[in-house]
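> Build the 3D model from these lines:
(chains A and B)
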Amino acid sequence: MADTVKNIEKLKATFTNVTSEVAKKIIGQEDVMQQILVAILCDANALLESYPGLGKTSMIKAIAEVMGLKFARIQGTPDLMPSDIIGTYVIEEKDGKKIFKFQKGPIFANIILMDEINRATPKTQAALLESMQEKQVTVGNQTFPLDLPFFVLATQNPIDQEGTYPLPEAQTDRFLLKILIDYPKMDDELEIVERYTRAQAVAKLKTLLSGDSLKLLQKLTRQVPIANDIKRRAVEIVAKTRSVPDLIEYGASPRASLGVIMAAKARALIDGRKYVSLKDIEEMAYPVLRHRIVLSFKAEREGKTTDDVVGELLK
Amino acid sequence: MAAINSLLNEIRFEMLKVIILNAFLDATVVFLVLLLLLSIFGIGVMLPLLVAVLFLAGDVWWRARQLSLKYIEDRNPEIREMLRTAADNKSEENLMAHALFADLIEKMREVSSGTFLDFKQIGFKVAAMFVLSLTLVSLAFFNVNIQKFENPLPGMKEKFDGYFGGLVGDEGVEGIDLEGADDDIYGDPSIARLGDEDLDIKLEQSLNRIDFTTVDEADPSSDVPDSYPVDVSAQASEAYTGGLTNIKDRETAADYSQKIK
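Numbering: from 1, shown residues only, chains lettered A, B, ... in the order given. As a prediction, the model looks like this:
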């Protein structure tokens, strides 16, 4: 027991090492990196929103590499079918007999990057969302469990909405976090240019974790203790989204309360703390709530964003 | 879990010590203030002492009711959330909770009892006690007693006299110097009587001890009636004229006597 307690002391160093290793490929974006780690520790999925060319795919690929997880990327297109994701039965000849064999799709990986999820048809989106929720897929009358740990990191493009199928609110609710990726700072962008325009390719990343160690970390995340008044504060923030009709048309569900507390626990663990701080709750309220609330006409007319409204709720 | 319970109990015990110290200081200040005020009126030490003891008991009770971890949290904001989380999760049995408890115990070792004390407040109280004590000594030195001046509260002396051991400076019979006096000043023992009965008692100056078990009830005196007459009256015609020679004066006196009949 004493040794395990001491090992927990080293957790912060572990996460710092993971971040440093990913930073060999990805310059800046520390907040995004932290939020992706939060989603992974919570055993949940995240929605990434950014303009094209900001390194979403590279970042997630780097995280998978450092964590020793199997990575798969699916590009969302209007003609993408559920079977393209889940897999399908193919006829295989064995001992002179023709049998149906299940050919696994790209969803049988640990980290799935679903690029431009809003370009896929609702039918394909539904197949993906089902696998996110149930951690299993059903083909015909047979159910296949997915490899654990399993995360879906889906991306959306905030521009060029023509020909897209925006995710309904009920489906976005299944993503724990909505992570906004902003343009890098000037110095970071210079560093990106410097690093990626050289002849030498970026060094291979070291694998620092494994699937099993990640499962242990997920278990520890759930065990992070939280004070009653901080828990109450988290629930109050979420409940408040349902009681300000002049700003919010549709508030967040109790799933958001769970999300805020879980995300705060993960943030505390990454920070090397053994308890949840009020600051964790307030920090994580933004990514947890921003895709779960629908602004009122008045708030939109005033040019407010969901983050502005969440900020007002936190005051 | 046992460790964190022990820690929380230890914290509560430390807080109780601080509460008792603060209440004691407050009670001392109350005592000195009362002593100062009442000594001006010549009232002894017992009343302020009684009030101070009651104040001490009440203050300890009130502060103990307010006893909470918030007191320590306010003084140690760096461990506030950690302490509160540990208290709320003391029954948890998992790795993270144990790690938190271990961390908290380590941190609480760095937090001495001294941090629970408000040294500024204690300093202020001690200074107040010093000033009050000095004032009391000065009053005693100059023998300031408001009774020597015009009594601003008439009847106060009589009211308190006898309740709290008499007034300050009233140990002897007023006007008699008791210095070096012996029992003879009370006269011959045979003079002491209760009714018609001779008493064999000894009066002591400091302790008015009389063993009444040895004293018999007095016989009713023959020349003292059991009850007073109720038919006492006077005739107006026999009103006292006081040897007034003037007729008008006599008439006035007679008229007055008639009216008051």
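> Helices of the stretch 101-250 of chain A, start to end?
Per DSSP state H, counting those that start in this stretch, the stretch 101-250 of chain A carries helices over the ranges A:122-134, A:169-172, A:186-196, A:211-223, A:228-240.
> Reformat these as TSV; add mean pLDDT, mean neighbour count and distance to chain B.
Every residue, glycine included, has its C-beta placed from N, CA and C. Output for the helices of the stretch 101-250 of chain A, formatted as TSV (pLDDT from 0 to 100; neighbours: other C-beta atoms under 10 Å in any protein chain shown; distance: least, C-beta to the nearest C-beta, whole Å):
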stretch	mean pLDDT	mean neighbour count	distance to chain B
helix A:122-134	84	18	26
helix A:169-172	78	15	30
helix A:186-196	82	12	33
helix A:211-223	87	17	4
helix A:228-240	92	17	5
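> Select, out of the ones you listed, the one closest to A:Thr77.
Nearest to A:Thr77 among those is helix A:122-134; the distance by C-beta to C-beta comes to 9.0 Å.
> all strands of chain B, in order?
B:193-194, B:197-198 (DSSP state E).
> Export the helices of the stretch 101-250 of chain A to JSON lines and append columns for distance to A:Ser83.
Below are these laid out as JSON lines (distance: least, C-beta to C-beta, whole Å):
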{"stretch": "helix A:122-134", "distance to A:Ser83": "8"}
{"stretch": "helix A:169-172", "distance to A:Ser83": "20"}
{"stretch": "helix A:186-196", "distance to A:Ser83": "36"}
{"stretch": "helix A:211-223", "distance to A:Ser83": "26"}
{"stretch": "helix A:228-240", "distance to A:Ser83": "38"}
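> Spell out which residues of chain A are next to chain B.
Residues of chain A that fall close to chain B, judged by C-beta under 8 Å from any C-beta of the partner chain: A:1, A:4-5, A:8-9, A:220, A:223-230, A:274-278.
> now the residues you listed: which count as buried?
Burial by neighbour count, 16 or more other C-beta atoms under 10 Å in any protein chain shown: within those this picks out A:5, A:8, A:220, A:223-227, A:230, A:274-277.
> re earlier: of the strands of chain B, which shows the lowest average pLDDT?
The stretch with the lowest mean pLDDT among these is strand B:193-194, at a mean of 54.
> measure the closest residue to B:Leu49 other than its chain neighbours to chain A for me?
Among residues not flanking B:Leu49 along the chain, B:Phe31 sits closest, at 6.5 Å (C-beta to C-beta, 6 or more residues apart in numbering or on different chains). The gap separating B:Phe31 from chain A is 40 Å, by C-beta to the nearest C-beta, to the nearest Å.
> Equivalent analysis for B:Phe141, please.
Taking C-beta to the nearest C-beta as the measure, B:Phe141 falls 57 Å from chain A.
> Number of residues surrounding that residue?
By other C-beta atoms under 10 Å in any protein chain shown, 8 other residues sit near B:Phe141.
> what's the longest helix in the chain?
Answering for chain A, as no chain was given. Criterion DSSP state H: the longest helix present in chain A is helix A:254-270.
> Hmm, no, I was thinking of chain B.
helix B:2-40.
> circling back: spatially, which two of the buried ones among the residues of chain A next to chain B are the most separated?
The distance between the two most remote of those (C-beta to C-beta) is 22.4 Å, for A:Val5 and A:Ile230.
> mind giving me the domain ranges of chain B?
Annotated domains of chain B cover B:2-146, B:171-217, B:235-261 [automatic domain parsing].
> Verify the contact between B:Ile20 and B:Val60 for me.
Yes. Look at B:Ile20 against B:Val60 with C-beta atoms under 8 Å: they come within range, at 6.1 Å.
> These two: who's more crowded?
More neighbours surround B:Val60 than the other of B:Ile20 and B:Val60, with 18 against 15 (other C-beta under 10 Å).
> Wait, that one touches B:Val18, no?
No. Judged on C-beta under 8 Å, B:Val60 makes no contact with B:Val18 at a distance of 11.3 Å.
> Could you list the contact residues of the stretch 51-200 of chain B toward chain A?
B:81-82, B:84-89, B:92, B:94-100, B:102-103.
> Those, buried ones only, as a ChimeraX selection?
Typed into ChimeraX, the line below selects the buried ones among those, using 16+ other C-beta under 10 Å:
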select /B:81,82,84,85,86,87,88,89,92,95,96,97,98,99,100,102,103
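> The residues of the stretch 51-200 of chain B next to chain A in helices, which ones?
For those, the ones inside helices are B:81-82, B:84-88, B:95-100, B:102-103, with DSSP H as the criterion.
> which two in these are spaced the farthest apart?
Maximum pairwise distance among these (C-beta to C-beta): 20.0 Å, between B:Arg84 and B:Leu95.
> Pull the number of nearby residues for the residue of the stretch 51-200 of chain A found nearest chain B.
With C-beta to the nearest C-beta, the shortest gap between the stretch 51-200 of chain A and chain B falls at A:Pro149, namely 19.1 Å. The number of residues packed near A:Pro149 is 19, by other C-beta under 10 Å.
> residues in contact with it?
A:Ile40, A:Asp43, A:Leu69, A:Asn110, A:Gly211, A:Leu214, A:Lys215, A:Gln218 (C-beta atoms under 8 Å, 6 or more residues apart in numbering or on different chains).
> go on, B:Thr85?
With C-beta under 8 Å, 6+ apart, B:Thr85 has these contacts: A:Pro225, A:Ile226, A:Ala227, A:Ile230, A:Tyr275, A:Val276, B:Leu100.
> Please tell me how far the closest residue in space to B:Ala52 that isn't next to it in sequence sits from A:Asn228.
Take B:Ala52 and drop its neighbours on the chain: the residue closest to it by C-beta to C-beta, 6+ apart is B:Phe31, 3.5 Å away. Going from B:Phe31 to A:Asn228 by C-beta to C-beta, to the nearest Å gives 42 Å.
> and if you look at A:Lys135?
31 Å.
> Please apply the same query to B:Glu106.
23 Å.
> Over to A:Leu153?
33 Å.
> Tell me the pLDDT of the closest residue to A:Asp84 other than its chain neighbours.
Spatial nearest neighbour of A:Asp84, excluding adjacent residues (C-beta to C-beta, 6+ apart): A:Gly105 at 6.5 Å. For A:Gly105, the pLDDT comes out at 87.
> residue ranges with poor pLDDT in chain B?
Applying pLDDT under 70 to chain B picks out residues B:1-4, B:67-73, B:75, B:77, B:110-116, B:143-244, B:261.
> burial measure for residue 15, as a count.
Here I'm looking at chain A. For A:Phe15, using other C-beta under 10 Å, the count is 21.
> my bad, chain B
Using other C-beta under 10 Å, B:Met15 has 19 neighbouring residues.
> what does stretch A:242-260 rub up against?
By C-beta under 8 Å, 6+ apart, the list of residues contacting stretch A:242-260 reads A:42, A:44, A:169, A:173, A:176-177, A:234-235, A:237-241, A:281, A:284-285, A:288-289, A:292-299, A:304, A:309, A:312-313.
> Wait, A:Thr124 touches A:Pro78, no?
No. Using C-beta under 8 Å, A:Thr124 is not in contact with A:Pro78; the gap is 9.0 Å.
> Could you tell me the end-to-end distance of stretch B:82-97?
For stretch B:82-97, the first and last residues are 11 Å from each other (C-alpha to C-alpha, to the nearest Å).
> got any ranges where the stretch 201-315 of chain A has weak pLDDT?
A:201-203.
> Who's the closest spatial neighbour of the residue most central in space within chain A, skipping the chain neighbours?
By C-alpha atoms, centre = their mean, chain A has its centre lying nearest to A:Ala46, at 2.3 Å. Leaving aside its sequence neighbours, A:Ala46 sits nearest to A:Ala39 (C-beta to C-beta, 6+ apart; 3.9 Å).
> Report how many residues lie close to the one you found.
Neighbour number of A:Ala39 under other C-beta under 10 Å is 25.
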